[in-house]
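[1] when you get a sec, could you give me coordinates for this:
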Amino acid sequence: MTVARVIARSMADVVEQFELDGDIVVTIKRLESVMHEIGMSGEPRRLAYELQRAGWFGQLRSRHAWEFLPGARGGAYGSGDRFIEFRAQRAIRPEWPGVLAMESAASVLGLAHRVPEQEVVAFPGDAVFPKALGGEWRYVRVELPDEGIVRIDGLPSWNREGLFVGIGVRPSGYKDVAGLGQWLSTSPHEVDAEKIIRLLAPVGAAARQRTTYLLQLAGNTEDALRVVDAYPPKGPAWFGPRQQGGRYDPLTKVNDTALHKYLSIGSGS
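    Below you'll find the predicted structure:
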């Protein structure tokens, strides 16, 4: 059902500008900038309150940010965007280094078969996890260079190579192990082996071995061999807890005690 929203003449130009620019999240700074552009005086926070009360702004957990609810939606309805709070954090603090990772990255890359129960963001060890992302989000402290990042729908995410390396670095960060085994087993996933080799340069030997093992499971045998040539495994590594009853891969010297039981018959492993 379409619900008409009243727009006061004093707010019409502001709303029109957001409509024209396709804003998804509006920060207090963005609102202040638009007010300045159209020659509108007043207190931005007061205007934000009025826009929210009139049904043009949706409330977010992120402070000083709102979801813009355009007229095309036919009412004061949120978009249902599962990344809206993440977008808000990026809009409030463009320098914040968080990127979509693990299950979230696998989902936006079209690899994972289901949406994660909790979205995942990765950032370096000195960055802070925003309180607004608590509950529906979790984080991993993994930092990848720009070569491992791609922008999807305006959001930074690990790319395919970054995802393989990120899981190799922090395998416990991928909580949906069954889902991981499922999409790894589906078919070979095209990756740039040379890019993976470069991404692996600063990490430890075990992370390199686990990454190469994941490439094998995904059917990328030639790429796995190229990584082994670049970084020959010298000692054993573990994918999962150090316990008996796993699967040993002689090429990478990885003891898999977590993932092997979720791999489909006939996979690239």
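
[2] can you tell me the element the closest residue to Ala65 other than its chain neighbours falls in?
    Spatially, and ignoring its direct neighbours in sequence, Ala65 is nearest to Ala88 (4.1 Å; C-beta to C-beta, 6 or more residues apart in numbering). C-beta coordinates here come from the backbone N, C-alpha and C atoms, glycine included. Applying DSSP states H and E as the criterion places Ala88 in helix 84-92.

[3] please report how far Ser185 lies from Leu47.
    Separation of Ser185 from Leu47 (C-beta to C-beta, to the nearest Å): 53 Å.

[4] after the host helix or strand of Ser10 comes which helix or strand?
    Assigned by DSSP H and E, Ser10 belongs to helix 9-21. Going down the chain from helix 9-21, the next helix or strand is strand 25-27, by DSSP H and E.

[5] neighbouring strands for that following strand, and are they parallel or not?
    strand 65-68 (antiparallel) (DSSP bridges).

[6] export the strand it pairs with to CSV, keeping only CA atoms.
    Taking Å, rounded to 0.1, in the frame of the first residue of the first chain, the C-alpha atoms of strand 65-68 are listed here in CSV:
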residue,chain,number,x,y,z
ALA,A,65,23.7,9.4,10.0
TRP,A,66,20.3,8.5,8.5
GLU,A,67,18.9,6.3,5.7
PHE,A,68,17.4,8.4,3.0
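
[7] can you list contacts of it?
    The contact list for strand 65-68 (C-beta atoms under 8 Å, 6 or more residues apart in numbering) reads 18, 23-28, 48, 51-52, 56-60, 78-79, 81, 84, 88, 91-92.

[8] now a ChimeraX select for only the buried ones of those residues.
    This is how ChimeraX selects the buried members of the contacts of strand 65-68, with burial counted by 16 or more other C-beta atoms under 10 Å:
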select :18,23,24,25,26,27,28,48,51,52,56,57,58,60,84,88,91,92
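
[9] and stretch 118-125, what's buried?
    Buried residues in stretch 118-125, counted by 16+ other C-beta under 10 Å: 119-123.

[10] flag the shaky bits of the stretch 1-150 of the chain, pLDDT-wise.
    For the stretch 1-150 of the chain, the stretches flagged by pLDDT under 70 are 1-4, 74-77.

[11] change it to 90
    1-11, 71-80, 125-126, 134-135 (pLDDT under 90).

[12] any chance you could map the helices in the stretch 151-269 of the chain?
    Ranges of helices in the stretch 151-269 of the chain, per DSSP state H, counting those that start in this stretch, are 160-169, 177-186, 193-200, 205-217, 221-230.
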